[in-house]
Each structure stands twice: as structure tokens, then as C-alpha cells.
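**Student:** Let's see this in three dimensions:
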Amino acid sequence: MNTDTAEHIEFFNKEENQKEKCKLLAENYNKTIEWEKLSVSEYSPGVVDDNEFIARQIFTPIHVEENGEIKTAAFDDALNKGLSVNRLKCASEDNIHKSGELKAEHDRQYRPDRQYIGFIKAEVSTIRSFWECEKRVYTAFDTALKDTPHHSDVCVILFGENNSVEPKLSKKTAKIRRRLDLKRTFGNLIEPVK
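**Tutor:** Below you'll find the model as predicted:
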């Protein structure tokens, strides 16, 4: 498929696409797979490679159960606006911890109980290895930001309720399965050194 470079950059920068970015990408599966091979940001260090590791920052109480287990809800954003992650190829673990602590500090203005506790990581090739009905389930896009050039997004592009190997899955069950897949893919919590 011939992909217009300006089109993919416009899509990722359009404000009205941000809250439902993954759902919109899922509607154009073939184009989305092509766009994953392109930089979508002027601040980009390059496309996200299969052999890279990405880190998902974890915050309490929103991402963690009372027993300390990471909630599947920590992966909800992959179903809509994109799961915000950081590329370890482009930032040190210390840098990711510092940015997580800064985000928690900022968030405490409206969520006083917000705390950064560390990050979990996964290899991009593993995330991209989920397939159903000969289609990929997840993508990883280079969505570098001016102040965070190591930023990336993971999106679900095959939701499963209509395309699953088990077509009787309800929409709710399909979404739960996607979040659980991601939870199992990311490793154990890596805490900042105090």
C-alpha cells in the first residue's frame, strides 16, 4: 500500500484523534501496519524496532491492587488513546524513573494520592507477536514528544470481538483479554533506587 507521509503525521498530530487513536487505527488495519514503519513525530529518534524494550510507568493507586499486584486496568489506554510507554533504547532507566516521579508530582495537583513506584518493561517483538485470524493485534508507534523524545505508544488494532478465533467473545471479554495479554507480556516492577 502506498502511504502518504503527510497523512500519517497529520493523523497522529490531530487533536480530535487523540482520545480514540487506537480505535481509529483499527479501522484502517493495512494503513496502520504501514504507518508503524514510519516516524510520526518531528522529535523522533526513529521507528520502534522489534529488538527494543519499552517501559510502562506504574503509579499508585490507579495501576496497583491493594495486594501490590499490577491491575489489568494499567493497560486500558492501549484500547483507546494509546498506551504511553518509554523506549529504553533512547532513555536510561534512571531517566524514566525521574520522568515518572515528575509526572506523579504534577498529577498530585489534582490527585493527591498519586505516587510513582517504578516501571515494567517488555520487548517490542513480543508485543508485536500476538496474531489472530492472520492479523496483528498490537502495534508500537514512535510518538516522540518535544520534552520526551523516548515516548512511544502501544495500540490494540484488532479488538477481537468480531475477528477473534473465538467469535463468540463479547466486546467486554475481548477488551479484558487484550489488557491481560499486555499484563502478561510486561515483566516485573523495576523500582527506582532510593
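**Student:** Rounded mean pLDDT for stretch 151-161, please.
**Tutor:** The average pLDDT for stretch 151-161 rounds to 87.
**Student:** and it, which residues are buried?
**Tutor:** Buried positions in stretch 151-161, judged by neighbour count with 16 or more other CB atoms under 10 Å: 151-161. In short, each C-beta sits where N, CA and C put it, glycine included.
**Student:** now, the most widely separated pair of the residues you listed?
**Tutor:** For these, the maximum inter-member distance is 29.2 Å, found between His151 and Glu161 (CB to CB).
**Student:** measure the nearest residue to Ala140 once chain neighbours are set aside to Pro112 for me?
**Tutor:** What sits nearest to Ala140 in space, not counting adjacent residues and going by CB to CB, 6 or more residues apart in numbering, is Val48, at 4.5 Å. Distance, Val48 to Pro112, using CB to CB, to the nearest Å: 34 Å.
**Student:** Comparing these two, which residue is more hemmed in?
**Tutor:** Between Val48 and Pro112, counted using other CB atoms under 10 Å, Val48 has the larger neighbour count: 27 against 7.
**Student:** Just to check, the more buried one is in contact with Ala122?
**Tutor:** No - judged on CB atoms under 8 Å, Val48 makes no contact with Ala122 at a distance of 11.9 Å.
**Student:** Residues in contact with both of these two, list them for me.
**Tutor:** Residues touching both Val48 and Ala122 (CB atoms under 8 Å, 6 or more residues apart in numbering): Ile54.
**Student:** so what's Glu93 closest to, chain neighbours aside?
**Tutor:** Ile190 (6.7 Å).
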